[in-house]
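have a look; sequence and predicted model below, questions after that.
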Amino acid sequence: MNSEDLSDHSDEEDWMDTNWLNEEMSSVSTESSKTLKSPNNCSGTQHIQGLFPPAKNNEDACTTKLEKKMDDSLMSRSKFYENERKKEEQADMLLEEFERARDLSRTIVHIDMDAFYAAVEIRDKPSLKDKPMAVGSSSMLSTSNYHARKYGVRAAMPGFIGKKLCPDLIIVPQNFEKYTSVSKQVKNILAEYDPNFCPMSLDEAYLDITDHLQKRQMMSEEDRSYLCRKCDNLDTKQCLCDLNEVIKQPMCMKKSSNLLQEGKKKGLDEYRSDQEADEKSLKCLENTKICPVCGKPFPDYEAVVFGSSPDDTVHEMRSRIEQKTRLTASAGIAPNMMLSKISGIGKVTEQMLNAVGVVTCTDLYNKRALLYHLYSQISFNYFMRICLGIGSTTVERDSERKSISTERTFSEISNPSDLYSKCNELCEALSNDLEEEQLKGKTVTIKLKTVKFEVKTRAHTLPEYTSDVEVIFATAKDLLKTEIQHVSPNPLRLRLMGVRMSSLLHQSLCKSKQKQRTLSGIVKKMVNKSTSNRTLTGIGMIQDTQTAEKITQNEFTNGETLTGLDNFEQNDCIKFSDSRVTRMCSNKSDSETYTEKMSCSSTSTTSIMAKELNKRKSCDNNREENIASQNPLLMTANGHEISNEISNMEVCRNIDTIIPGFQKGSDFQDSLDTSSTLESVPYFHSDGETVHSVLAGPKNKGAKDAEIGMNYDDTLAKFENENLECARKPIDSSLQCGQRKN
DNA sequence: GCGGATCAC
DNA sequence: TATGGTGATCCGC
Ligand SMILES: Nc1ccn([C@H]2C[C@H](O)[C@@H](COP(=O)(O)OP(=O)(O)OP(=O)(O)O)O2)c(=O)n1
Ligand SMILES: [Mg+2]
């Protein structure tokens, strides 16, 4: 099956690849998907032999096991060399271990919409199609179309810089709701292939389609058939509805589905023979060839029967997405020469690797001895897994949250009282977020970014878990105060402030030693759970006299009349149930024990709770860690468990390929709305001082002038003389991020 | 546990 | 004029 027909813009993107494909890679089959092959399809071990020549034939790899010919006396005299030799042997053993443990039993797919926000905007305004455009504002862009990327215009770039790079750039305001709703449509389709798929963001997901593939073997051709438009997705003169909804489904309902099995069709000829077409829509179809939904004429289309292989399946998914949304999606990542295409390797790591001669995945293997010495165990394992094409074999979602934070950029604030006020705002928001998720935390971290873009974080760990605004603010304020004092008598001039809470625990598992919040927290939660009768249910300890007073006065309920009211006091443990309040015990330590027990016995344990409960039961808190270190495959490097979708060694060998990883996606509505932050904050701009001219070049380890925002000077320089030509010319590869995925 | 850095999206 | 927000991990202390 040919993938060309599914990718409108694949032509446009060709330039991105051709120039840097080396010869080796030009022989790579441009398969339509990067789904890993089924286990019987490839034996990794065999390929490894062909892929990586034995050490003795390879100059670089020779260093892995130090030359035997090396001066023996030197060897024996030097413990250093001895140790190094051992380490290197261990490294090779590790590789073998990885190889042995390779698991090709699961088929995992990574799917990602092309230039997502931009594509949606173009779809809804086709006149933008052939123009360089980006989504966002003159302050910040969230993404650009491929046309604009040729000029270096990228996500996370300020719009005005984008304009400099590409004066013709059209900037379209973002419409987050639209992207959310399109995302929903896509996810509905994905769920059919893996109900447990893991969405990374609005436009990206991992799927484990192993089970689907199994079922697929039993599926009829009809169930693998879909109608596909043959016209342009933007040809607004024709009906662009999903023909599977406006034609196929109505037809199927009329039992004429067998028509579909004949394969290709043109127009509605075949359906003319459906004499029973008395449904309105079908009449409409027959007589006028007009879509009953949009009122436009149907385009030419065909019924495509998709095969049962992983590739065909992915092709089907992508086709269905395109039919439904008129947007294209990619699966896997196309052959290319950039290590930074690998999830977990960014600009910095790529540069470091390049500096030691590692440019491709094959280099990762060949220079493994070097890397072994240069990098930590974790990083080395990570690199080795990449070059062996070994990835995660599971797709997990809803992983447990480890921190929660909020941060804002604003026009400069330097007045201390305004700084504190901003800090308070953030703490309030954070406190709300914590309570919404029924979480408390112990570690408060503030983040500060000066007007010079220098970022600092300062943390403090509390003795108790909290979600209390007062406590959080007191802590954050203290940290902030220290920083203000630190630069005094100069003002602390900030452009961003943030507050984060970590060391999280579910609130019902926190020992309640603090304020009244604990009681109300637990009780309120119970209320929420039984919204049907809106009565208070639950148990808690009264932490302070104020709360005791409230309950005594029956001011604690939402109008519900309680029986059993008494003169409650601090440290009483009370129970709400059936509109009755009961004192369980009245001394502090009993109360604490009681409430804790109750919390732990709760049946609705979230993952955080479950983990904590488990920890309490377990004698050996390190159990999990031990398991992880025994089995390298359980370890995640940099949080990027590598999908084994690329485990196909054919791919691995020729491509220097890319292994997508797992990480939480984002797509936040707020993140690009710079305007909203301007109005709420007094504007203190002292003079016309420029900000973005200060910047440092690439951040070298030593140079401490880093972190001054993003310097676009180089980028601009590269483009300023070739604005007209660069549309045709591939740009400096360091700027390339275009990727054609199949 | 802390702070800087890197990364994904 | 103008340079995002959230969450995670790793390294070296
Ligand atoms: N730093 C970033 C990166 C991305 N996004 C948003 C806008 C993108 O449209 C969307 C998806 O991110 P991708 O990395 O998948 O980028 P695109 O889908 O735009 O392009 P590609 O075709 O390279 O996937 O997330 C963002 O807001 N900020
Ligand atoms: Mg995308």
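Cool, the structure landed. Numbers count the residues shown, from 1 in each chain, chains lettered A, B, ... in the order given. Ligands and ions are numbered 1, 2, ... in the order given.

buried stuff in stretch A:497-510?
By neighbour count, with 16 or more other Cβ atoms under 10 Å as the criterion, the buried positions of stretch A:497-510 are A:497-502, A:504-510. (Glycine included, C-beta is placed from N, CA and C.)

make that stretch A:373-386, sorry
Using 16+ other Cβ under 10 Å as the burial criterion, the residues of stretch A:373-386 that qualify are A:375, A:379-386.

got these as a markdown table, with secondary structure columns?
Putting these into a markdown table (DSSP: H, G, I helix; E, B strand; the rest coil) gives the following:
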| residue | secondary structure |
| --- | --- |
| A:375 | coil |
| A:379 | helix |
| A:380 | helix |
| A:381 | helix |
| A:382 | helix |
| A:383 | helix |
| A:384 | helix |
| A:385 | helix |
| A:386 | helix |
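
could I get these as CSV with pLDDT and distance to residue A:140?
As requested, the buried residues of stretch A:373-386 are arranged in CSV below (pLDDT from 0 to 100; distance: Cβ to Cβ, whole Å):
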residue, pLDDT, distance to residue A:140
A:375, 94, 34
A:379, 96, 32
A:380, 95, 37
A:381, 95, 36
A:382, 95, 31
A:383, 96, 33
A:384, 94, 38
A:385, 94, 35
A:386, 93, 32
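
between those, which is closest to residue A:114?
residue A:386 (24.2 Å; Cβ to Cβ).

just the pLDDT at residue A:547, thanks.
At residue A:547, the predicted lDDT confidence score is 54.

what does residue A:392 give?
Turning to residue A:392, the model gives it a pLDDT of 87.

quick one: neighbours of it, just the number.
Counted with other Cβ atoms under 10 Å, residues neighbouring residue A:392 total 24.

residue A:342 now?
The criterion is other Cβ under 10 Å. On that basis, residue A:342 has 25 neighbouring residues.

what of residue A:217?
Residue A:217 has 7 neighbours, counted by other Cβ under 10 Å.

do the same with residue A:459
Residue A:459 is surrounded by 13 other residues when neighbours are defined as other Cβ under 10 Å.

so it, which state does it fall into?
Under three-state DSSP, the three-state class of residue A:459 is strand.

now the end-to-end length of stretch A:324-331.
Here the two ends of stretch A:324-331 are set 17 Å apart, with distance taken as Cα to Cα, to the nearest Å.

by proximity to DNA strand C, which residue of the stretch 301-450 of chain A wins?
residue A:376 (2.7 Å; Cβ to the nearest atom of the strand).

how far away is that residue from residue A:235?
In this structure, residue A:376 and residue A:235 are 54 Å apart, going by Cβ to Cβ, to the nearest Å.

same check on residue A:217?
Counting by Cβ to Cβ, the gap between residue A:217 and residue A:235 amounts to 37 Å.

make a markdown table from the buried residues of stretch A:497-510 and add pLDDT, secondary structure and distance to residue A:131 to it.
What follows is the buried residues of stretch A:497-510, written out as a markdown table (pLDDT from 0 to 100; DSSP: H, G, I helix; E, B strand; the rest coil; distance: Cβ to Cβ, whole Å):
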| residue | pLDDT | secondary structure | distance to residue A:131 |
| --- | --- | --- | --- |
| A:497 | 98 | strand | 38 |
| A:498 | 98 | strand | 36 |
| A:499 | 98 | strand | 41 |
| A:500 | 98 | strand | 40 |
| A:501 | 98 | strand | 44 |
| A:502 | 98 | strand | 44 |
| A:504 | 97 | strand | 46 |
| A:505 | 96 | strand | 52 |
| A:506 | 95 | strand | 50 |
| A:507 | 91 | helix | 51 |
| A:508 | 90 | helix | 55 |
| A:509 | 90 | helix | 55 |
| A:510 | 86 | coil | 55 |
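
how about the helices in the stretch 251-400 of chain A?
Counting by DSSP state H, counting those that start in this stretch, the stretch 251-400 of chain A forms helices over residues A:269-272, A:280-288, A:310-325, A:347-355, A:361-366, A:368-374, A:377-388, given from the N-terminal end onward.

mind telling me which of these the model trusts least?
Averaged per stretch, pLDDT over the helices of the stretch 251-400 of chain A is lowest on helix A:269-272, reaching a mean of 41.

low-confidence stretches in the stretch 51-200 of chain A?
Under the criterion of pLDDT under 70, the regions of the stretch 51-200 of chain A flagged as low confidence span A:51-78.

near ligand 1, which residues of it?
Residues of the stretch 51-200 of chain A found near ligand 1, taking Cβ under 6 Å from any ligand atom as the criterion, are A:112-117, A:142-143, A:155-156.

okay, residue A:381 and residue A:139: tell me how far apart.
Counting by Cβ to Cβ, the gap between residue A:381 and residue A:139 amounts to 40 Å.
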